[in-house]
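Participant: sequence first, then the predicted structure:
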Amino acid sequence: MILDENNLIIKEFKEAEAILHGHFVLSSRLHSDTYIQCAKIFENPSRAMKVCALLADKIKKELNSSIDLILSPAIGGIVVGYEIGRQLGMKTMFCERVNGKFELRRGFKIKKGEKILLIEDVITTGKSSLEAVKCAEGEGGKVIAEASLIKRNSETKLPFPVISLIELNIKNYSEEELPSELKQLPITKPGSREYLTK
């Protein structure tokens with residue numbers, strides 16, 4: 001059953017041309033030969049609703065605590081966060097980077113003690129998740145779990161439960177450990193985060 005569902009999800013991503021191959025530099029500055037472009041899923045509203053319904057069902061089954069709101073990091077988490085919020089009937093907001101740091105803008109407010117479900121499109125290292133947690137806790141909220149469409153690496157650990165639609169073990173490489181075949185390919189930087197030079 002789980003295998004069938006995983007195959008269905010992979011099929012949806014492939015049909016949306018959301019699984020890209022080449023040489024990518026991720027937001028984490030790690031390199032990879034595979035990039036999951038979740039934005040392609042949201043080109044087709046019916047596909048987006050179907051994929052998010054699978055994640056919403058998984059959240060309802062696996063989340064052992066009540067939540068007050070959904071928070072998504074911009075930009076990749078905004079659409080998936082909204083759609084999951086719509087399907088679960090939850091208040092939804094997003095944080096965005098201001099001078100490299102996540103902040104709440106646009107009149108969004110988190111009340112002290114509110115329990116938060118963090119939602120992202122893809123989790124790679126968990127770095128942006130932890131930055132969003134810092135933003136939420138700075139406002140007085142408490143992140144109790146995170147959900148994502150894709151978790152790129154099953155070994156990525158966060159200090160709260162993570163509910164992912166599917167986990168893929170996609171290899172990431174530091175600059176120093178790049179395989180020779182990847183070095184031969186032109187680099188693409190597909191994410192939304194700015195790449196800071198040292």
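Facilitator: Perfect, I can see it now.

Participant: distance of the nearest residue to residue 10 once chain neighbours are set aside from residue 69?
Facilitator: In space, and not counting its chain neighbours, residue 10 is closest to residue 166: 7.2 Å by CB to CB, 6 or more residues apart in numbering. C-betas here are computed from N, CA, C, even on glycine. Separation of residue 166 from residue 69 (CB to CB, to the nearest Å) stands at 25 Å.

Participant: which one's more surrounded, these two?
Facilitator: Between residue 166 and residue 69, residue 166 has the larger neighbour count (other CB atoms under 10 Å), namely 21 against 18.

Participant: any idea of the mean pLDDT in stretch 39-48?
Facilitator: Averaging pLDDT along stretch 39-48 gives 92.

Participant: what does that stretch contact?
Facilitator: 12-13, 15-18, 51, 76, 79-80, 83, 121, 149 (CB atoms under 8 Å, 6 or more residues apart in numbering).

Participant: cutoff 6 Å now
Facilitator: Residues from elsewhere that reach stretch 39-48 (CB atoms under 6 Å, 6 or more residues apart in numbering): 16, 17, 18, 51, 79.

Participant: looking at these, which are in helices?
Facilitator: 51, 79 (DSSP state H).
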